[in-house]
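Asks: Below is the sequence, then the predicted model.
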Amino acid sequence: MEKMLEGKVCLITGAGRGIGRATALLFASEGAKLVLSDMDQQPLGEVVSQVKDQGGKAVGVVGDVTADGFAEGFVQRAVETFGPDIHVIVNNAGYTWDGVVHKMTDEQWEAMLRVHCTAPFRIIRAAAPYIRENAKRERAEGRVVMRKIVNVSSIAGTDGNAGQANYSTAKAGILGFTKTLAKEWGPLNVNVNAVAFGWIETRLTQPKKEETVIEKDGKRIPIGVPKEHLDVFRLMIPLGRPGTPEEAARVILFLASPLSDYVSGQVIKVTGGW
Ligand SMILES: NC(=O)c1ccc[n+]([C@@H]2O[C@H](COP(=O)([O-])OP(=O)(O)OC[C@H]3O[C@@H](n4cnc5c(N)ncnc54)[C@H](O)[C@@H]3O)[C@@H](O)[C@H]2O)c1
């Protein structure tokens, strides 16, 4: 059977761990040419090596997706490495910075909008020339080549979650962006969709411990979920367990592959039924 992403240039952010890492490895097994990014060099390097060891093609771009100029550099690296065409973008990089509304700082609020909304917007804008010009040429030639954008959201965005006003606002915001871009770029054969995950077992959803932090801009930001919340989540999930990063990645592959060529502007909840 032909591989689903054979020769497709795929950009994935936050590819060093968790869902992004599993997506990178799955895409590699489907023949993708990968442009992977993460703000942490070591895990990113390991994923790039793993893809190459398995005979795949990957290049790594270390950087913070919220940094000025990151989006342009990321897209430029893709073009320099694999040529002036981009087929798939997975906006996955993200983290949480929880707090109740009455104690939330401006910095905490804005950090979530920047990483979950502004960064995907900037990456897509930077990639626009390579997507739109190729699509227009193909249209003039009477050819149909589908391209794909997958934005990673959360059920905190679709349904709200106490203690995550900043995160849930940002994860809802990216859904508005997804639906609008589906309308703007549909005529150019770009499918634009989002996945809203429930509880996927990654670093982000480990039981909260003192030492589970993200180090960013000189700050130590605590991540993880209180154990008693995880116990409640488990009860609310009909399948009775969290999802694995590999299970999460398969839905992203669906939205990046020809299997979803007639799906656009949608949000798929991947929650084990929660
Ligand atoms: N795990 C879940 O249950 C769950 C649920 C809903 C949504 N999500 C979303 O899935 C995405 C992936 O999360 P995960 O669970 O795999 O977490 P993770 O911590 O295992 O992996 C996220 C990766 O993104 C990178 N990253 C974070 N912020 C970055 C930045 N500013 N610039 C560059 N890289 C950055 C991290 O270094 C890390 O390697 C996130 O957008 C998250 O909000 C996760």
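Replies: Alright, I've got the coordinates.

Asks: now the helices for this structure?
Replies: 18-29, 41-53, 70-82, 106-113, 119-140, 155-159, 165-185, 227-236, 245-256 (DSSP state H).

Asks: and those, which one is worst for confidence?
Replies: Mean pLDDT values for the helices of the chain show the minimum at helix 227-236, a mean of 94.

Asks: For that helix, which residues meet the burial criterion?
Replies: Of the residues in helix 227-236, 229, 230, 233 count as buried by neighbour count, 16 or more other CB atoms under 10 Å. For every residue, glycine as well, the C-beta is placed using N, CA and C.

Asks: Any chance you could spot the residue sitting in the middle of this protein?
Replies: Centroid check for the chain by CA atoms, centre = their mean gives residue 92 as the closest residue, at 1.7 Å.

Asks: quick one, phi psi at that one?
Replies: When read as degrees, to the nearest 10, the backbone of residue 92 gives phi -120, psi -30.

Asks: Kindly reformat the buried residues of helix 227-236 as CSV containing distance to the ligand.
Replies: Output for the buried residues of helix 227-236, formatted as CSV (distance: CB to the nearest ligand atom, whole Å):
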residue, distance to the ligand
229, 12
230, 10
233, 9
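
Asks: export these to JSON lines and tack on distance to residue 263?
Replies: Output for these, formatted as JSON lines (distance: CB to CB, whole Å):
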{"residue": "229", "distance to residue 263": "32"}
{"residue": "230", "distance to residue 263": "31"}
{"residue": "233", "distance to residue 263": "28"}
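
Asks: What parts of this protein come near the ligand?
Replies: 14, 16-20, 38-40, 43, 64-66, 92-95, 115, 152, 154, 197, 199-200, 202-205 (CB under 6 Å from any ligand atom).

Asks: again, only this time at 5 Å
Replies: Residues of the chain lying near the ligand by CB under 5 Å from any ligand atom: 14, 16-19, 38-40, 64-65, 92-95, 115, 152, 154, 197, 199-200, 202-205.

Asks: how about the residue in the stretch 51-200 of the chain positioned nearest to the ligand, what does it touch?
Replies: When scored by CB to the nearest ligand atom, the stretch 51-200 of the chain has residue 94 as its residue closest to the ligand, at 2.5 Å. By CB atoms under 8 Å, 6 or more residues apart in numbering, the residues touching residue 94 are 14, 115, 116, 152.
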